[in-house]
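Enquirer: need a structure here:
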Amino acid sequence: MTIPATPRTLPVAVAVLAALAAVAVAVLPWNLEAFASADDFAAAWRRAARFLTAFTAPDLSDEMLARGAGLAAETIAVALLGTASGLLLAYPIALGSSRAVVVGDDPLPPGLRGLLRRLLPQACRLLLDVMRGVPDFAWAILLALFTGNNAVTGTLAIAVSVAGILGKVLGEQWDNIDPQRYAALRSTGAGRLQVFLYGVQPLAGRAMLSFVLMRTECAVRNASVIGVVGGGGLGAGLWDDYSDGSWSRVATILLFMLATTAAADLAANLLRYQLRVDPNHPRAARRRSVAASTWRRAGGTAAVLLLLAGCVWWLRGPLGQVAEQLLRIESSFVLDYFGGLLTPDLAPSTLLAVAAQARVPLALGLLATLAAAGAAGLLAFPASIAFQLEAERFTGEQLPRWRRAVRVLLVVAARGAGLLLRGVPEVAWVVLLAVFCKTGVLPCVLAVALHSTGVLQRVFAETLDNVPYRRLEQVAGTCRPQIYLYGALPEAWRDWKTYVFFQFEVNVRIGVVLGMVGAGGLGDRFQSNLAWRENHRAGSYLLAMVVLTVLIDRLSRRLLLQRRKC
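Expert: I've put the predicted structure just below:
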């Protein structure tokens, strides 16, 4: 067969990325204390050895196990209620941000109505940019002054952040539906809202549900560490035990955290596999009758509502305390507090300081994303079910049992490694790595790279597994690497680029968050200014967080990298 030509833009893209990575390495304030001398290196290893030894003997007392189980349940309740609240908040804003809903294909009316319909999507997108541009950790710090350090603070922080992300993606998914697919409905004279309810939304339903499940899983990971800044759950227990130097208890909390996030990951994946769109895929869900599908949806809805009711019941104590506390807060204090944040200090010296600190999350996000993309690309092939366990469907090969067993082990090992990497949240990775490296930029870059590798490995492997086998059969030869390079990879490449760019945006926000736990930069300056009640300067750093998100989002739109799949 003819080997496909290398795209002309590839060498240029590699050169640009290499140059940006070199700049990122140069501008970050690295902390290399652990490598300063042989004695420092030996001391770092001794610290790490003492910490790792705790994992061989974690605190498994009845008291600690009961505490860990309670914190894990609180974490799940925070994540589920935060996601549900975020979805309710995001839905109407997403409707306003969707051009397919607000504008449609009809000509705009003249005058003020037409102008409003043209401006509404931009205004809603800007609101969503603000909501997701401020990380959940920052929202938790802002809200903790009113709601206290408890699980309700974490729930509200995750709800606002999730609303910004869900609103953006839902609006894009609705706009990405081909208008020809609901043209027949429009031809009947249906209005824009009817077209949306009976045309656009049903066509995007699977993708919407898939992304909501993915964000729920991410919310569980975020909820497990948001307690570090006052959001309750496992993060609060982890930070308390880490501050006390109780390594055996830290090990126990980390094991609970891994079990919680891994269970959420597996449950979300199981549900998302049921939403496979391609009916011709060998692992697609079988067709069901209308009655069976209706009962299935009703049962699923009832289960979700019961689960959310259980979460409210579990958090009834913090909810009651927050309600009482909010009633005692004077409105003048709230106006003064948020008024300072909404009127940032725009003096030239402040803007220069903000720009200088913005280099940290940008450079951290870039280095971590590039490293994670390379590692995930290497792990995607061994983690692919299609290429390891079902390759005979498009290669015709016949495997002896021992070789099939080896491939099963390879898939389990690769997917297990990815599950471990993404199952430990970035902040928890920082806690682990800081024992050796101490606090600073180095453990933060490594933490984000490790976690992002697990995230990208999963979506890379899923993209490979979603390639229709008919297309793989068209590649000449029966060599799996050959079919992978010239059949699957070209099909998956666009989605891979989109996922990587999306992960870069996420990692920049994480870089801001990690600034609050040792990396420096925007997060550190925002937190310190807020602690000193310098709200105008804190508002400047908040504005910078939003501007970074908006610039990255607009760049992705410019490069036509909108996220089309979940």
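
Enquirer: can we go C-alpha only for contacts and neighbour counts from here?
Expert: Fine.

Enquirer: Show the low-confidence segments of the stretch 301-450 of the chain, by residue range.
Expert: Applying pLDDT under 70 to the stretch 301-450 of the chain picks out no residues at all.

Enquirer: Equivalent analysis for the chain, please.
Expert: Using pLDDT under 70, the chain drops low at 1-10, 104-109, 111-112, 275-290, 476-478, 557, 559-566.

Enquirer: what's the residue closest to the geometric middle of it?
Expert: Nearest to the geometric centre of the chain sits Cys218, at 5.3 Å (Cα atoms, centre = their mean).

Enquirer: host element of that residue?
Expert: Taking DSSP states H and E as the definition, Cys218 sits inside helix 201-223.

Enquirer: Same question for Ala268.
Expert: helix 247-273.

Enquirer: who does that helix touch, helix- and strand-wise?
Expert: helix 38-56, helix 62-97, helix 201-223, helix 234-244, helix 401-423 (3 or more Cα pairs under 8 Å, 6 or more residues apart in numbering; DSSP states H and E).

Enquirer: and these as a markdown table, adding distance to Gln527?
Expert: A markdown table is the format used below for those (distance: least, Cα to Cα, whole Å):
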| stretch | distance to Gln527 |
| --- | --- |
| helix 38-56 | 29 |
| helix 62-97 | 23 |
| helix 201-223 | 19 |
| helix 234-244 | 17 |
| helix 401-423 | 26 |
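
Enquirer: Please name whichever of those helices is nearest to Met516.
Expert: helix 234-244 (13.1 Å; Cα to Cα).

Enquirer: What residues sit buried inside the closest one?
Expert: 234-242 (16 or more other Cα atoms under 10 Å).

Enquirer: Show me the contact partners of it.
Expert: Helix 234-244 is contacted by residues 68, 71-72, 74-75, 223-230, 247, 249-250, 253-254, 256-257, 431 when judged by Cα atoms under 8 Å, 6 or more residues apart in numbering.

Enquirer: by how many degrees do that helix and helix 62-97 diverge?
Expert: Following axes from the mean of the first three to the mean of the last three Cα atoms, to 10 degrees, one obtains 130 degrees for the angle between helix 234-244 and helix 62-97.

Enquirer: How about the backbone phi and psi for the closest residue to Gly418 other than its chain neighbours?
Expert: Once flanking residues are discounted, Gly418 sits nearest to Gly454: 4.1 Å by Cα to Cα, 6 or more residues apart in numbering. Note on Gly454: its backbone torsions stand at phi -60, psi -40 [degrees, to the nearest 10].

Enquirer: what about burial for the contacts of helix 234-244, which qualify?
Expert: Buried among the contacts of helix 234-244 by 16+ other Cα under 10 Å: 68, 71-72, 74-75, 223-230, 247, 249-250, 253-254, 256-257, 431.

Enquirer: Name all residues that make contact with Ala138.
Expert: Contacts of Ala138 by Cα under 8 Å, 6+ apart are 157, 513, 523.

Enquirer: rewinding a little: closest one to Gly518 among the helices and strands packed on helix 247-273?
Expert: helix 234-244 (13.5 Å).

Enquirer: would you put the C-alpha positions of the closest one in PDB?
Expert: Listed next in PDB are the C-alpha coordinates belonging to helix 234-244 (Å, rounded to 0.1, in the frame of the first residue of the first chain):
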ATOM      1  CA  LEU A 234     -12.000  13.800  51.700                       C
ATOM      2  CA  GLY A 235      -9.900  16.900  50.800                       C
ATOM      3  CA  ALA A 236     -10.500  18.400  54.300                       C
ATOM      4  CA  GLY A 237      -9.400  15.200  56.000                       C
ATOM      5  CA  LEU A 238      -6.400  14.900  53.700                       C
ATOM      6  CA  TRP A 239      -5.200  18.400  54.400                       C
ATOM      7  CA  ASP A 240      -5.700  18.100  58.200                       C
ATOM      8  CA  ASP A 241      -3.700  14.800  58.400                       C
ATOM      9  CA  TYR A 242      -1.000  16.100  56.000                       C
ATOM     10  CA  SER A 243      -0.600  19.300  58.100                       C
ATOM     11  CA  ASP A 244      -0.200  17.100  61.200                       C
END
